[in-house]
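Student: Sequence first, predicted model second:
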Amino acid sequence: MKARIYVTLKKGVLDPQGKAVVGALHSMAFGEVKDLRIGKYMELELDGASKEAAEARLREMCEKLLANTVIENYRIEME
């Protein structure tokens with residue numbers, strides 16, 4: 001079973017890396033970029049549990065390691 005996890009900063013959390021990339025884009029004549037936020041994308045291959053059990057384990061992984069839930073949100077997609 002394949003899963004995708006998207007981790008993004010919560011609204012209101014400063015994103016200095018995103019600001020730096022916007023500045024670089026502007027200096028390269030991509031002035032139409034108004035804002036940009038950097039996140040993380042992960043693909044996981046899981047051994048055979050049910051979809052519900054796999055999703056529960058993925059949530060546990062995110063809560064314990066893959067996302068800093070104080071400042072980040074995460075979203076899980078299953079195939």
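Tutor: Looks like it came in fine. Predicted model only: the values in this text are computed from it and were never measured. Residues are numbered from 1 along each chain as shown.
Student: Quick one: find the helix or strand in this structure with the lowest mean pLDDT.
Tutor: Here the helix or strand of the chain ranked lowest by mean pLDDT, DSSP states H and E is helix 51-61, holding a mean of 95.
Student: now the strands: where do they sit in this structure?
Tutor: Here the chain has its strands, by DSSP state E, at 2-9, 40-45, 72-78.
Student: Give me the buried positions along the shortest one.
Tutor: Within strand 40-45, the residues scored as buried using 16 or more other Cβ atoms under 10 Å are Met42, Leu44. Heads up, the C-betas are built off the backbone N, CA and C, glycines and all.
Student: still on that earlier bit, indicate which one of the strands of the chain is closest to Arg59.
Tutor: With Cβ to Cβ, the closest approach to Arg59 among the strands of the chain belongs to strand 72-78: 6.9 Å.
Student: Could you check the angle that closest one makes with helix 51-61?
Tutor: Counting by axes from the mean of the first three to the mean of the last three Cα atoms, to 10 degrees, strand 72-78 lies at 160 degrees to helix 51-61.
Student: Output strand 72-78 as PDB, nothing but the C-alphas.
Tutor: What follows is strand 72-78 as a C-alpha-only set of coordinates in PDB (Å, rounded to 0.1, in the frame of the first residue of the first chain):
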ATOM      1  CA  GLU A  72       3.000  22.100  11.300                       C
ATOM      2  CA  ASN A  73      -0.100  20.500   9.800                       C
ATOM      3  CA  TYR A  74      -0.100  17.200   7.900                       C
ATOM      4  CA  ARG A  75      -2.300  15.500   5.400                       C
ATOM      5  CA  ILE A  76      -2.300  11.900   4.400                       C
ATOM      6  CA  GLU A  77      -3.300  10.400   1.100                       C
ATOM      7  CA  MET A  78      -3.600   6.700   0.500                       C
END
